[in-house]
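> Need coordinates for the below:
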Amino acid sequence: MSRKGVKLLVDSLTRSAKHFSKSEVECLVNLFDTLVARASSQFAGAGFDRTVFRDTLHSAFGMTDDVVLDRDCFAVYDLNGDGYISREEMFQMLKNSLLIQPADEEPDEGVKDLVEIALKKMDYDHDGKLSFADFEKAVREEKLLLEAFGPCLPDIKSSISFEQKIFRATPK
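This next block holds a predicted model:
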C-alpha cells in the first residue's frame with residue numbers, strides 16, 4: 001500500500017476507532033500490511049488468510065486453542081452460533097474453565113449457581129440469555145468478564161510484549 005493510501009486509511013480508521021490512538025491505528029495498519037505482503041509472497045498471492053492469522057496469534061501471543069483462534073470473544077462463547085449465549089452454553093464454558101470445584105457438593109450444581117450469577121450480572125434485558133448487546137455492555141463495565149467463561153484473549157505478558165515489538169518497529 002502506498003504512503004498516501006496508508007495515511008488515508010489511518011485517518012479514516014482513527015475517526016471511527018474509539019479505543020485506539022492515531023499512532024496505534026498506524027501501527028496496526030502497518031502490521032497488517034506487512035503480514036499481507038509476507039503471506040502473499042509465501043502463498044503466491046493468497047493474501048492474509050486463516051493460516052497466517054493463526055500463525056500470527058500463535059507466534060505473537062502463544063495462542064493455540066483452535067476454538068479461540070477461529071472466532072471472536074462473543075462467538076467463542078456462542079457455541080451454536082445463534083447470536084445468544086444461553087444457560088447451556090455458559091454451563092459448558094464454565095464447566096470447562098473451572099480448575100477446582102468444592103468437594104462437598106455436586107460439581108454441576110456449583111457450575112449452575114455460577115451460571116445464574118453470571119446471568120444476573122450480564123442479562124440486561126432479562127430474557128434468560130445473553131445477546132451481543134448484553135455481553136458488550138457487561139464487558140465494557142467489567143473487563144474481567146471477558147475471561148469468565150474461559151480465556152479467549154492473550155495473557156497480559158504476551159500483549160505487552162507484542163505492543164513493545166510493534167511500537168519499536170514502526171517508524172515515527
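> State the pLDDT value of Leu146.
Confidence at Leu146, expressed as pLDDT, is 67.
> Just the buried positions in the lengthiest helix in the chain, please.
In the chain, with assignment by DSSP state H, the single longest helix is helix 22-42. In terms of neighbour count (16 or more other CB atoms under 10 Å), helix 22-42 has its buried residues at 24-31, 35-36, 39. For every residue, glycine as well, the C-beta is placed using N, CA and C.
> In TSV: those, plus pLDDT.
Putting these into TSV (pLDDT from 0 to 100) gives the following:
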residue	pLDDT
Glu24	81
Val25	83
Glu26	83
Cys27	81
Leu28	79
Val29	82
Asn30	79
Leu31	77
Leu35	73
Val36	73
Ala39	66
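> which element follows the longest helix of the chain toward the C-terminus?
Downstream of helix 22-42, the first helix or strand assigned by DSSP states H and E is helix 50-61.
> which parts of that following helix are buried?
Applying a neighbour-count criterion of 16+ other CB under 10 Å, one finds 52, 56-57, 60-61 buried in helix 50-61.
> Name the nearest of those residues relative to Asp78.
Asp78 lies nearest to Leu57 out of the buried residues of helix 50-61, by CB to CB, at 19.7 Å.
> Quick one: list the elements packing against the longest helix of the chain.
Helices and strands in packing contact with helix 22-42 are listed as helix 3-16, helix 50-61, helix 156-169; criterion 3 or more CB pairs under 8 Å, 6 or more residues apart in numbering; DSSP states H and E.
> With respect to burial, which of those helices scores highest?
For the helices and strands packed on helix 22-42, ranked by mean neighbour count under the definition mean count of other CB atoms under 10 Å, the leader is helix 50-61 at a mean of 15.
> Now do that helix against helix 22-42, angle only.
Here the directions of helix 50-61 and helix 22-42 differ by 130 degrees (axes from the mean of the first three to the mean of the last three CA atoms, to 10 degrees).
> Out of the helices and strands packed on helix 22-42, flag the one nearest Lys143.
Ranking the helices and strands packed on helix 22-42 by distance to Lys143, with CB to CB as the measure, places helix 156-169 first at 11.3 Å.
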